[in-house]
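> any chance you could fold what I've pasted below:
(one chain, ligands or ions: 1)
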Amino acid sequence: MVLLILVWLVIAVVVARLIYTYFLSPLASIPNAGILAPISRLHWEFPTEFQGKLTLELPKLHKKLGPLVRIGPNQVSFYSLEVYKTVHAPNSPFVKDPRVYSQFVQDGHPALFSITDPKEHAQRRRHMGILFNRSKVPALTDMMVETIDRFSEYLGTASQKGSINLVPTSKFAFGNTIGAIDSLNAGKELGIIQKNDAKSSKMPVLSSITSSQQFDRWADEQFAATMDSEKAPSLSFLKVMANHRISEQSALSEAKEMLGPGTDTTSATLAHILYALSLNQAFQNELVSDLEAAGWPTDMTALESTPRLKACVKEGIRWTGAAAAMLPRIVPKGGYVLAGKNLPGGTMISSSPIWYLRDEVAFPDPERYRPTRWRQDTDESTALRDDYYIPFSKGASTCIGNHFAYLELFLAVSQVLRRYHIRPGDDLADLDVAHEAILPPRREWVAAVPIGRLTVRLERR
Ligand code: HEM
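Coordinates of the predicted model:
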């Protein structure tokens, strides 16, 4: 009898919860991503993300269902530039969701990316400006050129055997990044890389970060070497940070946290640009002529004043959409009206900046790599284009590395072109080499990962 009552009680609670979730909750009037999505994130959002399809599927659903889609009991996805501008405004009351961003904290010391308290975040950002502001980034030019030289040498050696697949250069795995940095420095690869690469076929960033003991050891060694004035490079991120009101421990956490957002993004973009250039020989030749005429500059002002190079890189950043993640924010206490719906305080809302980069009106044929779209004179259509170009997001947490990324990409594209003529890979030899590359199929987690190969052949000039 008691058991029967218990069973009925459980059923009553479940039914009451279902009635609340589907009919009475303030989110009930928002269309659902899937029939079971409002019950638990495990029913729709988590499995879709696990497969790397969340940011690929949601824009299709938004097209059918409108600017707001419920993806979990308390989670809403939005796709509207107007809403994006409100949520990511400079003094926005929508803060980063600590449940998500805390996953990126290293050693219990939150860094810029994972700090969720707005005041603490604003203060850290001011301090970090000493390295990342537009006026400071050019100081990194020599260091970047030196590293790019070694990277170009590596490409030359690798391509002696034939076509090379650029995906390992860009494949998203935190481990790959560390491996690339470390093998460039020491000429050897760390064991952690193989382990991470094996694990990172699913949800790469999580699996990689959790297997980070070896990484921590490696980072500590790098830190000790950097702080040792005899062994240290003349310009060092860690030293500058540690000498500017940021504790040594926080400086190390900043450096570690930055490896993901700061390297996978630019390496994926570079790989996509080189691939696209291999398929558009006419554009590549024109770009080389411009760079030759400008004397292969390495100065940032000269690089960004070379219109074809600027168009090449800007379109590469748009087309690659390397930072694919949804950026979860919390609706402030008291609730907020967005897209005509009153969302209660505490709701998690998110959107991916790369959706706006693929807007069909702002960027006709968004899947095509078309640098010329950045060379049109300013008019009404370019205003829309410029408004939708938000690869680095907007507001208080807009990417602090954007000038760094531009300089790195300007230098990497131009220095690789200086040494090599980029031809399509052998498997693409039948393709017309005068076409606009189409975005290769991919999966998207925190970063975008091409499913197939991006091959090119390099011929020394
Ligand atoms: C094509 C290259 C890049 C793209 C598309 C990109 C994109 C983004 C986006 C969309 C955000 C916002 C994330 C959020 O709100 O959660 C972000 C933040 C960030 N990015 Fe980048 N990024 C790039 C390169 C870089 C580089 C080169 C660095 C460092 C050297 C970097 C470091 C950071 C950091 C530290 C943040 C956190 C900023 C904050 O919360 O104040 N990124 N990036």
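> residues of the stretch 351-461 of the chain that sit close to the ligand?
P353, P391, F392, S393, S397, C399, I400, G401, F404, A405 (CB under 6 Å from any ligand atom). (Glycine included, C-beta is placed from N, CA and C.)
> so the second one sits right up against I317, yeah?
In other words, P391. Yes - using CB atoms under 8 Å, P391 is in contact with I317, at 5.0 Å.
> want to try JSON lines for the residues of the stretch 351-461 of the chain next to the ligand, with secondary structure and pLDDT as columns?
Below are these laid out as JSON lines (DSSP: H, G, I helix; E, B strand; the rest coil; pLDDT from 0 to 100):
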{"residue": "P353", "secondary structure": "helix", "pLDDT": "98"}
{"residue": "P391", "secondary structure": "coil", "pLDDT": "98"}
{"residue": "F392", "secondary structure": "coil", "pLDDT": "97"}
{"residue": "S393", "secondary structure": "coil", "pLDDT": "98"}
{"residue": "S397", "secondary structure": "helix", "pLDDT": "96"}
{"residue": "C399", "secondary structure": "coil", "pLDDT": "96"}
{"residue": "I400", "secondary structure": "coil", "pLDDT": "95"}
{"residue": "G401", "secondary structure": "coil", "pLDDT": "94"}
{"residue": "F404", "secondary structure": "helix", "pLDDT": "94"}
{"residue": "A405", "secondary structure": "helix", "pLDDT": "95"}
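> now E45, nearest residue through space, not along the chain?
Using CB to CB, 6 or more residues apart in numbering and skipping residues adjacent in sequence, the residue nearest E45 is I71, 4.6 Å away.
> what number of residues are in the vicinity of V100?
For V100, the number of neighbouring residues by other CB atoms under 10 Å comes to 17.
> SS state for it?
helix (DSSP: H, G, I helix; E, B strand; the rest coil).
> per-residue confidence for it?
Note for V100: predicted pLDDT of 90.
> check E380 too.
Per-residue pLDDT puts E380 at 69.
> got it, and H244?
72.
> kindly report the same for F172.
44.
> quick check: V76 vs the ligand, distance?
17 Å (CB to the nearest ligand atom, to the nearest Å).
> so that residue: helix, strand or coil?
strand.
> low-confidence ranges in the stretch 251-400 of the chain?
Along the stretch 251-400 of the chain, segments meeting pLDDT under 70 span 377-381.
> quick one, helices of it?
For the stretch 251-400 of the chain, the helices defined by DSSP state H, counting those that start in this stretch cover 265-279, 281-293, 300-304, 307-320, 353-357, 380-388.
> and among the ones you listed, the most buried is which?
Mean neighbours per residue, mean count of other CB atoms under 10 Å, is largest over the helices of the stretch 251-400 of the chain for helix 265-279, with a mean of 26.
> got the angle between it and helix 307-320?
Helix 265-279 and helix 307-320 are oriented at 110 degrees to each other (axes from the mean of the first three to the mean of the last three CA atoms, to 10 degrees).
> which strands and helices sit next to helix 265-279?
The contact analysis (3 or more CB pairs under 8 Å, 6 or more residues apart in numbering; DSSP states H and E) places helix 265-279 against helix 167-170, helix 281-293, helix 307-320, helix 402-419, strand 420-424, strand 448-450, strand 455-460.
> now the fourth one: buried residues?
Put plainly, it is helix 402-419. Buried residues in helix 402-419, counting neighbours by 16 or more other CB atoms under 10 Å, are found at 402-417.
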